[in-house]
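*Asks:* Here's my sequence, what's the structure:
(6 chains, ligands or ions: 6)
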Amino acid sequence: MQMHDAKRVEIIIEAIMERQISTALTQVGVTGFTILPVLGGSGRSGHWTREGGVGRASGMIAVICLVAPPRLDSLLKGIFPLLDEHIGVVSVSDTQVLRAERF
Amino acid sequence: MQMHDAKRVEIIIEAIMERQISTALTQVGVTGFTILPVLGGSGRSGHWTREGGVGRASGMIAVICLVAPPRLDSLLKGIFPLLDEHIGVVSVSDTQVLRAERF
Amino acid sequence: MQMHDAKRVEIIIEAIMERQISTALTQVGVTGFTILPVLGGSGRSGHWTREGGVGRASGMIAVICLVAPPRLDSLLKGIFPLLDEHIGVVSVSDTQVLRAERF
Amino acid sequence: MSAILDLAAQNLLSPVILCFALGLAAALARSDLSFPEAIAKGMSLYLLFAIGFKGGVSVAAHGVDLGLALAVLAGITLSLGLPFIAFSLLRTLSPGVSVLDAAAVAGHYGSISIVTFVAMSALLTGQGLEAEGYMIAVAAAMEAPAIVAALWLVSRKGGESRVGGELWREILLNGSIVLLMGAFVIGWVTGEDGMVEIAPFIVTPFKGVLCLFLLDMGLVAGRGLRSARGVITPGIAVFGVVMPLIGAALGLGAGFVLGLSTGGVAALTALAASASYIAVPAAMRVALPRANPALYLTLSLGITFPFNLTLGLPLYVALARVVTGG
Amino acid sequence: MSAILDLAAQNLLSPVILCFALGLAAALARSDLSFPEAIAKGMSLYLLFAIGFKGGVSVAAHGVDLGLALAVLAGITLSLGLPFIAFSLLRTLSPGVSVLDAAAVAGHYGSISIVTFVAMSALLTGQGLEAEGYMIAVAAAMEAPAIVAALWLVSRKGGESRVGGELWREILLNGSIVLLMGAFVIGWVTGEDGMVEIAPFIVTPFKGVLCLFLLDMGLVAGRGLRSARGVITPGIAVFGVVMPLIGAALGLGAGFVLGLSTGGVAALTALAASASYIAVPAAMRVALPRANPALYLTLSLGITFPFNLTLGLPLYVALARVVTGG
Amino acid sequence: MSAILDLAAQNLLSPVILCFALGLAAALARSDLSFPEAIAKGMSLYLLFAIGFKGGVSVAAHGVDLGLALAVLAGITLSLGLPFIAFSLLRTLSPGVSVLDAAAVAGHYGSISIVTFVAMSALLTGQGLEAEGYMIAVAAAMEAPAIVAALWLVSRKGGESRVGGELWREILLNGSIVLLMGAFVIGWVTGEDGMVEIAPFIVTPFKGVLCLFLLDMGLVAGRGLRSARGVITPGIAVFGVVMPLIGAALGLGAGFVLGLSTGGVAALTALAASASYIAVPAAMRVALPRANPALYLTLSLGITFPFNLTLGLPLYVALARVVTGG
Ligand SMILES: Nc1ncnc2c1ncn2[C@@H]1O[C@H](COP(=O)(O)O)[C@@H](O)[C@H]1O
Ligand SMILES: Nc1ncnc2c1ncn2[C@@H]1O[C@H](COP(=O)(O)O)[C@@H](O)[C@H]1O
Ligand SMILES: Nc1ncnc2c1ncn2[C@@H]1O[C@H](COP(=O)(O)O)[C@@H](O)[C@H]1O
Ligand code: NA
Ligand code: NA
Ligand code: NA
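*Replies:* Ligands and ions are numbered 1, 2, ... in the order given. Next comes the predicted model:
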């Protein structure tokens, strides 16, 4: 099966930023992404869990974004301002996809 | 710690296809996989979210499958018919696992 | 954008082990990780799903951990005792992160 | 006429409809108000269980006669027949719609929306007109045949659909049908005694739960409308309003011929007028994955459902009163 | 005898049991009917809170005497002792079961199923036989000792278990025990006044919620049975029916000796006959991770729970009537 | 005085408060008792809907006069003014707190906690003192102005905040405000008729749901306290108790000047005394992402909320009785 190189960007960020991150991605031309719920975690700001909570101030999401390698840089530049201010982490891995024209 | 090369296949596909994808994987001999819930996303068919929805027609899942490299090809061939018709994306990354005999 | 090599460790393990795994990670100096819910899966012990269940005896979680490469080994050693006894899988992938000093 | 307008106004100002409107408005204004998926599913399980059980108890009380079998038969016929009308109408009103998409939409309009049925029951209760308990069985029987008709439409036009065991399981062992019919049977078996035991759970708070559920439906419909604006052309929108009226006319006729009570005629009219947005979309994703979900979901949930809920239901009650003289 | 059969039939045809049967049937037929995990947990939190609170209010009303302390003591003794019987019986009926697996199963049968207790309470209320309010405290007290017995069985046979602070926390601060006992104390403190305030939430709709919860339990049990068919040999299945009867006999005896009311004897019998499927499985995953969960979960939830629910409970009520002359 | 103590004791021993205490204790003891996020959100949607609807029905019954407008105006003034007091007080009591963090905290104390308001309503109902129905509108009006004040405080001190369309949407179309005000309007429009239809859902079981919700709030507050121990210095803790008293004094004065009923004065006092932990934290994460959430969430949910719930509310009722002679 013919596979093509791509980048898998995984952004773990505050749930409250969902709309902004999706706007930022769209602005740099990235329209494909998937959002996973996050149950809890730990970082420099301590442990947290989503259980029982009502507010949207705590709680995070994971945004997964598959892009063609040439578009990675503009993606990162687009989301950087949000990441800089907000709690969260980003990682970028090499991956392979079918049907490269989509990404 | 002794690590072994493996492939990490991530399939993001409609929730309604859960049974079919698991049947397809089993048929090609892949019996280990994990299903993550998906909150929402965006693609060529626009934005969507799982919030408030009742039906199973919208909504996606992420299927993660760790396999030994030689089994990758039959895995992809097994699920390709489903992917071709249905909304979704697949990515394949190199990874390493403990206890290779399991995969 | 300046990226740094890192390892992405993905641990799929029983939900009941959440506290122990987080203690084990903290003990080996890993304080950053994210926990994703898992809907269901399949393995040598058969298919399972979280739907409708009440108990915490079944059900798994996925723990994602980004670490600097030199810390990988102690991380794996720290969690190995838990993995050995309990149902679950671990995979380690190469990835890249912004702001290496965090990991 | 003024009675119709009165009933329409009364319906429009009921908490149930106002809650739907609130949800719709909030979603269109892009408020972040939302219900967790689990809560929405929980409420829908509750409604299905409650409505099924009540139907069963009512059958236990009134006994069962040939009426039930005939009504079920009429329902199946409507469900099988309506898709053909819907298919032609949609292709006429909006010739750009592909055969596949038109067939998928047609399947939705042959089938039924259980929430429309529930809203109709609430309206009827308020009017002192109860439908026959077995209308629940008719509702359940009308869910699936339309899917068969839609697939037949596709294959007749040379299209391809993925029909297999998986699809039949999806259609027949569909969670909502199983729960609705299961609760119906339990209600039938346990009768008034069973009802006394659980009425404080399934009867007294029912309308309040329905309010919250319709609030959520409004949110979902509003979000759908917002994101599918491009999909709905004027011709398609007209279909979303005309088709339920055609369905209603046929349902009304069938109810009259069957000799149902006023409430029963109104309920069958509402069933025929309503379009599925749970069972059929799921079946279509399996059977016709290339058909566009934005089209059928927006039509059914974004146009026909609000139309029926607000204007359709009081109209159907009024018409049922006229034909039955009730 | 005919009274027993009457009660059994009446129990089998109650909405609660029929809902469980519906869930079981739907899962075995591979319907996709399912409850979201959050809804299932929400219902179980509700049931624990309601049953605990009611127990506390009843203790507040009737005062507390030596009976409570003696009943708790009896419960602890049963919970500690039953695992030894279960262990030997299982190893006799199915010699292939390993020491580890047998000990894990044994722990489940010493402990209790709170839903079985709730179903028994509902049955007793229907008969006009209320158990002593403090039976809630007995239920809570019986949850944990069996786990200790199971671990002791393992270590006696040279096996290894992972006992540590984490396990004790898991056992003693287990969410369901904390909620049950917390609600019990709140009910005790606030008494009848508190009950008046929240009865429309915890009393009136209780049975209806129980119906939906048992429907979900039927689904879970059915799914478990389907996927664990290989695990359950005839010998193991026999154990799943005989062991509750042994537990019941001992519970009945203890209740008689303690001089409990008819309802109290029946409740203690049900507790002793029931097997845990929430607290103990979780503790076993921590303490004995190598024991096979498919074995203990299928036995407890797939065989013993349905047996008790359908045939066991009416039998235990009948026996309690006989021994107390009630 | 003894009347105050009586009321305080009665409040402390109500199921609602004891449930909160149970949650707090369970979390501090590190029990694994927890509510699914979806259930917690579902209960909060229910409470907002019920309280909003009841307020609207009460306005429909009593008619609307200048009082509503004046009370809303007073609420907005309090919400705008309190942050300035809170800012100075916090910086005085704990000089180490940065401008940014102090402003973020200040915003919380100008705004309101709807659950504190609900608990006050429950307490008042028990005393036969109902607040004016339009206090719901006052509550909704007090949510947002404090955020503006907080941002103004930051910019005055040369800090930077991210104010944009997204923030205003977050503030004004915030799900809880939309639901509360939407339900209020629906209650107003449908009036007593609407209430009759859904009272068995939103009135009768209300207090029981509130119990479970506060149990969950106790769990969340306890977890927060446990993980934020380092953040709360003695000076900050003192602020968490003194600031609500200052807010209460101003709310009491405003209520007296407005000539509200005893219940109305008590409700306004509770609103002014309470601190937000849903709407404002979310807005602060968007507008002032560098402010420390552990500080404002722990203060508001971990200190001020329990203080108000246990000691504050009965005190405010007593004071309201004194100033109104009620
Ligand atoms: N090294 C890491 N690996 C995975 N997730 C992380 C890591 N560090 C932080 N996170 C996630 O980001 C959240 C905020 O991190 P922090 O800003 O360090 O408090 C944490 O609660 C985790 O969910
Ligand atoms: N590039 C991508 N990266 C991650 N997820 C994607 C991507 N493209 C599509 N998806 C997911 O697949 C779903 C359907 O995509 P599409 O078929 O393009 O509408 C989207 O809603 C996303 O959840
Ligand atoms: N190869 C695999 N890829 C992804 N997930 C797996 C794999 N094998 C096992 N799992 C997950 O681990 C759980 C337990 O596996 P097992 O111990 O093999 O029964 C399964 O239910 C899956 O969720
Ligand atoms: Na129809
Ligand atoms: Na037992
Ligand atoms: Na305030």
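
*Asks:* does the worst-scoring helix or strand of chain D on mean pLDDT come close to chain B?
*Replies:* In chain D, no helix or strand scores lower on mean pLDDT, DSSP states H and E than helix D:165-172, which sits at a mean of 75. Yes - using Cβ under 8 Å from any Cβ of the partner chain, helix D:165-172 comes into contact with chain B via D:166, D:170. Yep, even glycine has a C-beta here, placed from its N, CA and C like the rest.

*Asks:* Following element in sequence after that helix, please.
*Replies:* Sequence-wise, the next helix or strand downstream of helix D:165-172 (DSSP states H and E) is helix D:175-202.

*Asks:* got the residues of the stretch 101-250 of chain D near chain C?
*Replies:* By Cβ under 8 Å from any Cβ, no part of the stretch 101-250 of chain D sits against chain C.

*Asks:* D:G218 sits in which helix or strand?
*Replies:* helix D:206-227.

*Asks:* circling back to that earlier point, could you name the helices and strands sitting against the least confident helix or strand of chain D?
*Replies:* Helix D:165-172 sits against helix D:279-287, with contacts defined as 3 or more Cβ pairs under 8 Å, 6 or more residues apart in numbering or on different chains; DSSP states H and E.

*Asks:* quick one: low-confidence parts of the stretch 151-300 of chain D?
*Replies:* Scanning the stretch 151-300 of chain D for pLDDT under 70 picks out the ranges D:159-165.

*Asks:* show me the residues around the nearest residue in space to D:G259 that is not next to it in sequence that make contact.
*Replies:* Nearest-residue entry for D:G259: D:G67, 7.7 Å, with adjacent residues in sequence omitted and distances by Cβ to Cβ, 6 or more residues apart in numbering or on different chains. Going by Cβ atoms under 8 Å, 6 or more residues apart in numbering or on different chains, D:G67 touches D:132, D:134, D:258-260.

*Asks:* just checking, next helix/strand downstream of the host helix or strand of D:G67?
*Replies:* If you go by DSSP H and E, D:G67 is part of helix D:66-93. Using DSSP H and E, the helix or strand that directly follows helix D:66-93 along the chain is helix D:99-110.

*Asks:* Next, the angle helix D:175-202 makes with the helix or strand that that following helix is followed by.
*Replies:* Using DSSP H and E, the helix or strand that follows helix D:99-110 in sequence is helix D:114-126. Counting by axes from the mean of the first three to the mean of the last three Cα atoms, to 10 degrees, helix D:114-126 points 30 degrees away from the direction of helix D:175-202.

*Asks:* next helix or strand past helix D:114-126?
*Replies:* Assigned by DSSP H and E, the successor of helix D:114-126 is helix D:135-143.

*Asks:* lowest average confidence, helix or strand, in chain A?
*Replies:* Scoring the helices and strands of chain A by mean pLDDT, DSSP H and E places strand A:46-49 at the bottom, with a mean of 85.

*Asks:* near chain F, anything from that one?
*Replies:* Yes - applying Cβ under 8 Å from any Cβ, one finds strand A:46-49 touching chain F at A:46-49.

*Asks:* which of the residues you listed tops the neighbour count?
*Replies:* Highest neighbour count within these: A:W48, with 23 neighbours (other Cβ atoms under 10 Å in any protein chain shown).

*Asks:* Counting neighbours, what do you get for the closest residue to ligand 3 within the stretch 151-300 of chain D?
*Replies:* Closest approach of the stretch 151-300 of chain D to ligand 3 (Cβ to the nearest ligand atom) occurs at D:E166, with a separation of 22.1 Å. By other Cβ under 10 Å, the residues close to D:E166 number 16.

*Asks:* Kindly report the same for the one 3 residues further on.
*Replies:* By the other Cβ under 10 Å criterion, the neighbourhood of D:R169 contains 16 residues.

*Asks:* That one reaches E:A26, doesn't it?
*Replies:* No - the pair D:R169 / E:A26 is not scored as a contact, 12.0 Å apart, by Cβ atoms under 8 Å.

*Asks:* any idea how far the residue of chain A found nearest chain E lies from chain C?
*Replies:* Across chain A, the shortest distance to chain E (Cβ to the nearest Cβ) belongs to A:E51, at 10.1 Å. If you measure A:E51 against chain C using Cβ to the nearest Cβ, to the nearest Å, the figure is 11 Å.

*Asks:* Next up, the contacts around that residue.
*Replies:* By Cβ under 8 Å, 6+ apart, the contact set of A:E51 is A:39-40, F:34-37, F:219.

*Asks:* Check D:V148 too.
*Replies:* The contact partners of D:V148, by Cβ under 8 Å, 6+ apart, come to D:L80.

*Asks:* Is it within a helix or a strand, and which one?
*Replies:* In this structure, D:V148 is located in helix D:145-156 according to DSSP H and E.

*Asks:* separation between the nearest residue to A:M60 once chain neighbours are set aside and F:G75?
*Replies:* Using Cβ to Cβ, 6+ apart and skipping residues adjacent in sequence, the residue nearest A:M60 is A:V38, 4.4 Å away. From A:V38 across to F:G75, the span is 36 Å (Cβ to Cβ, to the nearest Å).

*Asks:* and the two? which has more neighbours close in?
*Replies:* Taking neighbours as other Cβ under 10 Å, A:V38 and F:G75 compare with F:G75 leading, 26 against 23.
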